[in-house]
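J.: mind folding the following:
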Amino acid sequence: MKILVAEDDSASREVLETYMASFGSCEAAVDGMEAIDKYLESLEEDSPYDLLCLDIMMPKVDGLKVLGVIRGFEEQHDIPEASRTKIVMVTAVAAMECVDEAFELGCDAYVSKPIDLKKIEELMGTLGFLDRKAE
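T.: Reported below is the predicted structural model:
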């Protein structure tokens, strides 16, 4: 399993990277532009990400725009839904309009900060990734 954590806050990024590494190969991006670049690079290498943990409030390009770019790219290139990257918004922004917009843009789940690893583990089960965890 290949995972990208896009998070500008170093503490949150480290917590997510450490936890997600138990599921497979985990990489990080510190801003939205780097997340888009890494996503596109993974497709060029024919090694797409299975999961993207995406913060909303990031420098250069915010997470909602990153989400829109990725879902738009998948749509343009006729990537089947089952093969699309699962995208989980991980953010301190709890405003309902942000949550609604994230789901309208095609996120698979939304997790609030501070990061609760029990909730993340439940979410990984819901997304079908829990059976991939290396104990």
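
J.: ranges for the helices of the chain?
T.: Along the chain, the stretches classed as helices by DSSP state H are 10-20, 32-44, 63-76, 96-105, 117-126.

J.: quick check: buried residues in the last one?
T.: Okay, so that is helix 117-126. By 16 or more other CB atoms under 10 Å, the buried positions in helix 117-126 come out as 120, 123-124. In short, each C-beta sits where N, CA and C put it, glycine included.

J.: and if you look at the second one?
T.: Burial within helix 32-44, assessed by neighbour count using 16+ other CB under 10 Å, is assigned to 32-36, 38-39, 42-43.

J.: same thing with the longest one?
T.: Using 16+ other CB under 10 Å as the test for burial, helix 63-76 gives 63-71, 73-74.

J.: then the first one?
T.: Along helix 10-20, these residues count as buried under the neighbour rule (16+ other CB under 10 Å): 12-13, 15-17, 19-20.

J.: tell me which of those is nearest to D50?
T.: For the buried residues of helix 10-20, the closest approach to D50 (CB to CB) belongs to M20, at 10.5 Å.

J.: ok, that closest one - contacts?
T.: Neighbouring residues of M20 by CB atoms under 8 Å, 6 or more residues apart in numbering: 3, 5, 26, 51, 53.

J.: list the contacts for G68?
T.: Per CB under 8 Å, 6+ apart, neighbours of G68: L105.

J.: how far away is it from M20?
T.: Using CB to CB, to the nearest Å, G68 is found at 23 Å from M20.

J.: hmm, back to that, need the buried residues of helix 117-126 in CSV with distance to V90 and pLDDT, can you?
T.: CSV is the format used below for those (distance: CB to CB, whole Å; pLDDT from 0 to 100):
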residue, distance to V90, pLDDT
I120, 8, 89
L123, 10, 91
M124, 13, 92
